[in-house]
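> Show me the folded form of this:
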Amino acid sequence: MPPDIEAPATGATRPVVKRTARAILLDGDSLVLIKRTKPGLSPYWVTPGGGVDPEDATIVDALHRELDEELGAKATDVVPAFVDTIEHIAEDGSHGVKVQHFFVCRLESMDPGRRHGPEVEEPTGEYDVVRVPFSRVGLASVEIVPLTLRHYLDANIEGVLGLLSPDLG
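Below you'll find the model as predicted:
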């Protein structure tokens, strides 16, 4: 775990109890999402990704591992895009925050037959890989969580695409 992050204005600290790496994964003009259906809940859509494990050397390494596990996928052009911080209770019961790192990237390849890991081996509900148009209409057609990501994407479609521009350097 990283050290506590100090909030500059107040001097207060909140321990980071979990970090995740998630992909804003573009395949041409489509956004690749996972439709989550859990018993007793309405479906919702998430970006592929998950927790940073102790054996992951970097957050980007965690992203690549998670894409391989959840989609059997490889991604290129990985660029940081958005960070979300929310209150979180860790598995051990400790209170703090979860910092979610979202990266925009391009889908290089995907073989669903290579999917593995807890989502596939011991699923809680269904994990369906879907594509939606990366447009305001496409984004509005699904319930993307977290809501902060949905709002960010809706307000920044052109900016997100610009992060993959070849002239960015």
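> Shouldn't K74 be within a strand?
Yes. Under DSSP: H, G, I helix; E, B strand; the rest coil, K74 sits within a strand.
> Check the gap between the residue lying closest to it once chain neighbours are set aside and T37 for me.
With CB to CB, 6 or more residues apart in numbering as the criterion, K74 has its nearest non-adjacent residue at 4.4 Å, and that residue is E108. The way it works is simple: take the backbone N, C-alpha and C, and place the C-beta from them, glycine included. To T37, E108 is 27 Å away according to CB to CB, to the nearest Å.
> Run through who's touching the top helix by length along the chain.
Assignment by DSSP state H gives helix 59-71 as the longest helix of the chain. Outside helix 59-71, the residues that touch it by CB atoms under 8 Å, 6 or more residues apart in numbering are 19-23, 25, 32, 34, 48-53, 56, 73-75, 78, 101, 103, 105, 110, 112, 114-117, 119-120, 127, 129.
> Report the buried members of those.
The neighbour-count test (16 or more other CB atoms under 10 Å) marks 19-23, 25, 32, 34, 48-50, 52, 56, 73-75, 78, 101, 103, 105, 110, 115, 119, 127, 129 as buried among the contacts of helix 59-71.
> Those in strands, which ones?
Those of the buried ones among the contacts of helix 59-71 mapping onto strands are 19-23, 25, 32, 34, 49-50, 73-75, 78, 101, 103, 105, 110, 127, 129, per DSSP state E.
> For the helix or strand encompassing L139, name the packing helices and strands.
Using DSSP states H and E, L139 sits in helix 136-140. Using 3 or more CB pairs under 8 Å, 6 or more residues apart in numbering; DSSP states H and E, the elements in contact with helix 136-140 are strand 30-37, helix 147-155.
> now with 6 Å?
Judged by 3 or more CB pairs under 6 Å, 6 or more residues apart in numbering; DSSP states H and E, helix 136-140 is in contact with helix 147-155.
> that older thread, and the average pLDDT for the longest helix of the chain is what?
What helix 59-71 shows for mean pLDDT is 97.
> show me the contacts for V46.
34, 36, 145 (CB atoms under 6 Å, 6 or more residues apart in numbering).
> That concludes my questions; thank you for your assistance.
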